[in-house]
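K.L.:
Sequence unavailable; structure follows:
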């Protein structure tokens, strides 16, 4: 790896673990990243249900029920967790 690649990686990745750091992506960037995404049927169902639930905010408030607003994704590296998060961000 040459110095140019190291400096680019330093810009994109957190420098230390355990420190609250975040990268902000625009809606356009999220849409570009998921332009050709294909989710497994089960995962697509989970994502669609989650988005549907978020769209029912008024119904949850009417019944005085706390609205679920989190989703937990787990799995080994390379299984699509981050790409799915970009997909959710783009849809929302």
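P.N.:
Sure, I can see it. Predicted model only: the values in this text are computed from it and were never measured.

K.L.:
The lengthiest helix in the chain packs against which elements?
P.N.:
Across the chain, the longest stretch assigned as helix under DSSP state H is helix 41-54. Packing partners of helix 41-54 (3 or more Cβ pairs under 8 Å, 6 or more residues apart in numbering; DSSP states H and E): helix 81-91. Backbone N, C-alpha and C define where each C-beta goes, glycine included.

K.L.:
From the rest of the structure, what touches the helix it packs on?
P.N.:
25, 27, 30-31, 33-34, 37, 39, 43, 47, 50-51, 71, 73-75 (Cβ atoms under 8 Å, 6 or more residues apart in numbering).

K.L.:
Can you tell me which of those residues lies closest to residue 64?
P.N.:
The closest of the contacts of helix 81-91 to residue 64 turns out to be residue 50 (Cβ to Cβ; 21.1 Å).

K.L.:
ok, the closest one to residue 23 distance?
P.N.:
Remark: distance between residue 50 and residue 23 (Cβ to Cβ, to the nearest Å) = 22 Å.

K.L.:
Compare those two (neighbour count), which wins?
P.N.:
Taking neighbours as other Cβ atoms under 10 Å, residue 50 and residue 23 compare with residue 50 leading, 17 against 9.

K.L.:
and the residue nearest to the more buried one when sequence neighbours are not counted, what helix or strand is that in?
P.N.:
What sits nearest to residue 50 in space, not counting adjacent residues and going by Cβ to Cβ, 6 or more residues apart in numbering, is residue 71, at 5.4 Å. Per DSSP states H and E, residue 71 falls between elements, in no helix or strand.

K.L.:
Residue 71 reaches residue 48, doesn't it?
P.N.:
No. At 11.9 Å, residue 71 does not count as touching residue 48 under the criterion of Cβ atoms under 8 Å.
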